[in-house]
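Asker: any chance you could fold what I've pasted below:
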Amino acid sequence: MPPPRPLPSVLLFGLIPVAAWFVVRPFIEPVPLPALYTSIGFSIFALLATLYIIPAVGPAFIKANLKGIDLLKTDKTPVPESQGLVCAAVYILFLILFIPFAFSDSISNSTKKTREGISVIEFPHHQLSVYLSSLLSLLIATLLGFLDDVFDIRWRHKIPIPIIASIPLLMVYYAERGNTHVVVPIPLRFLFGTLVNLGPLYYIYMSLLSTFATNSFNILAGINGSEVSQALIIAISVILNDLLYLPWPLDFRIPLHLLGNRADVEVGGVWSAGMAYGSQELVERHLFSLYFMLPMVAVCAGFMYHNWYPARAFPGDTLCYVTGMAFAVVGIQAHFSKTLLLFFIPQIFNFLLSCPQLFGLVPCPRHRVPRIDHDTNLLHPSKALFMRPPTNLSTLILKTLSALGLTQLTTHPSNGTILEANNLTILNFFLLRLGPMNEKRLVQVLMCSQVAGSMFAFTVRYGLAGLVYDGNRR
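Answerer: Residues are numbered from 1 along each chain as shown. Model prediction:
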């Protein structure tokens, strides 16, 4: 096992008082959105817990044979694998501890109503059931992800796993009569009208969303920091989107009207994008999203410290499952699944590029990571070798991708038969277009593409959506 990265003690002694202050502040004096203060404090504690627990449990994981070899390093020292289990445990633990604080306002301000002579306390059971079902889905995703790490399930058998984990989520959505209508874009309304009820198809869409969110991280992996950096940047993007819908003092007013056809609303000295459409429910949905995304950023940041090049810990499939399910939870329960998918633009590109290999049209080796030249320590695109001549369909697809600059082919000099092609992943695409680079630079390029994708998503969501939707359609 490689030696762990040193942790500065000033981090521990500096952040603990800050976290404690956020937790106790709502009890000292009234503050707006007190549960949000507590969530920030718990997230800081989650960051510290992840930073210090990961290196502490590494030897135990290696002893349990949960270890791996870094394929892109000359040093073959075993590295602790499946450390995403630690991240998931810390993440879910703090979400559970947060439950009383999330509903503290409802408990303290609960009113009594008389029903048939019985005094009943009004409590938001709907919000509690949504929160608990989300936790249950995260727990199932963690369990199934860890089983995947232990038994090394083939990718074809991984597809239904997120669907199983999303069942509690979808059942609560159905029990609470969740909306299954979608808004039709303006150019198509002469055919379908303003709203279309998808019915059961909407539930299929939501289950597929959870499947895509989890597996999209899994197939875009292989270099130090790739999985966790994707989750970290997407979580930060979701938080920035959520913050636009909270009530803010007018001193911090954001001119969103510059980004689209949105209206500003001033009520009682505060401004809120959510209030612009008179929906307190919209504000509550984005608060729910923040409660799940703030600790997600914390545990991902803590794990990334140890997973950064050269990695001292590997995430395993558990991290991909729990982060993907967390994004599916907020996208479904907070009703911004289309906006969430915009943040997955690099993952969508990687999935579409990978389809010929994922569906057997092109040979798919078990590891599609770039190959390394140990003499120069530079990564080059890895190859998929054809043991038999490709079919006409495979040839057509590969030649099309080659013409678009998405892959590079090696053909037989006499008859032009394709002998090999670059593995179809975004990492190999970067190496093909930008040239060989070291592993650290490649993950930085991947992170830049993720940031660029989020910036493009915000531009589409708040700048271009008004061209096809009227009002605040999500």
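
Asker: what helix or strand does the closest residue to residue 240 other than its chain neighbours sit in?
Answerer: Take residue 240 and drop its neighbours on the chain: the residue closest to it by Cβ to Cβ, 6 or more residues apart in numbering is residue 458, 7.7 Å away. (Each C-beta comes from the backbone N, C-alpha and C, glycine too.) Using DSSP states H and E, residue 458 sits within helix 439-459.

Asker: residue 303 contacts residue 319, correct?
Answerer: Yes: the pair residue 303 / residue 319 is scored as a contact, 7.2 Å apart, by Cβ atoms under 8 Å.

Asker: that older thread, what lies in contact with the helix holding residue 458?
Answerer: 72, 220, 223-226, 229-230, 233-234, 236-237, 240-241, 259, 309, 339, 342-346, 370, 372, 379, 426-427, 430-431, 434, 437 (Cβ atoms under 8 Å, 6 or more residues apart in numbering).

Asker: sorry, back to before: between residue 303 and residue 319, who's got more neighbours?
Answerer: Between residue 303 and residue 319, residue 319 has the larger neighbour count (other Cβ atoms under 10 Å), namely 31 against 28.

Asker: that's a helix at the more buried one, yeah?
Answerer: Yes: counting by DSSP: H, G, I helix; E, B strand; the rest coil, residue 319 falls inside a helix.

Asker: so what pLDDT did the residue nearest to residue 240 get?
Answerer: Residue 458 carries a pLDDT value of 93.

Asker: going along the chain, name the strands of the stretch 51-200 of the chain.
Answerer: Ranges of strands within the stretch 51-200 of the chain are 67-68, 79-80, 112-115, 118-121, 181-183, 195-197, based on DSSP state E, counting those that start in this stretch.

Asker: who touches both of residue 303 and residue 319?
Answerer: Joint contacts of residue 303 and residue 319 (Cβ under 8 Å, 6+ apart) are 83, 84, 87, 228.

Asker: next, count neighbours for the third one.
Answerer: Right, residue 87. Count around residue 87 with other Cβ under 10 Å applied: 31.

Asker: just give the nearest non-adjacent residue to it, would you?
Answerer: Per Cβ to Cβ, 6+ apart, closest to residue 87 is residue 299, 4.5 Å.

Asker: where does the prediction get shaky in the protein?
Answerer: 10, 105-123, 155-156, 177, 248-279, 467-474 (pLDDT under 70).

Asker: by contact count, what packs against the longest helix seen in it?
Answerer: Longest helix of the chain, by residue count under DSSP state H: helix 34-63. Helices and strands touching helix 34-63, by 3 or more Cβ pairs under 8 Å, 6 or more residues apart in numbering; DSSP states H and E, are helix 9-28, strand 79-80, helix 84-97, helix 99-102, helix 104-108, helix 280-307.

Asker: buried ones in it?
Answerer: Neighbour counts over helix 34-63 (16 or more other Cβ atoms under 10 Å) mark 34-51, 53-55, 58, 61-62 as buried.

Asker: next, the angle helix 9-28 makes with that helix.
Answerer: 150 degrees (axes from the mean of the first three to the mean of the last three Cα atoms, to 10 degrees).

Asker: now helix 34-63, how far from the centre of its chain.
Answerer: A distance of 18 Å separates the centroid of the chain from that of helix 34-63, by Cα atoms, centre = their mean, to the nearest Å.

Asker: taking helix 280-307 as reference, get the angle to that helix.
Answerer: 30 degrees.

Asker: for the remainder of this discussion, apply numbering that starts at 725.
Answerer: Okay, using 725 as the starting number, the last item reads as helix 758-787.

Asker: and residue 943, what does it touch?
Answerer: 879, 1074, 1075, 1078, 1082, 1149.

Asker: closest to residue 860 out of these?
Answerer: Nearest to residue 860 out of the contacts of residue 943 is residue 879 (Cβ to Cβ; 25.1 Å).

Asker: ok so, going back, what is the neighbour count of the residue nearest to residue 964?
Answerer: By other Cβ under 10 Å, the residues close to residue 1182 number 18.

Asker: how close does it sit to residue 747?
Answerer: Note on residue 1182: its distance to residue 747, by Cβ to Cβ, to the nearest Å, is 31 Å.

Asker: ditto for residue 943
Answerer: 38 Å.

Asker: which parts of the stretch 875-1024 of the chain are helices?
Answerer: Secondary structure of the stretch 875-1024 of the chain (DSSP state H, counting those that start in this stretch): helices located at 879-882, 884-899, 913-916, 924-943, 950-967, 1004-1031.
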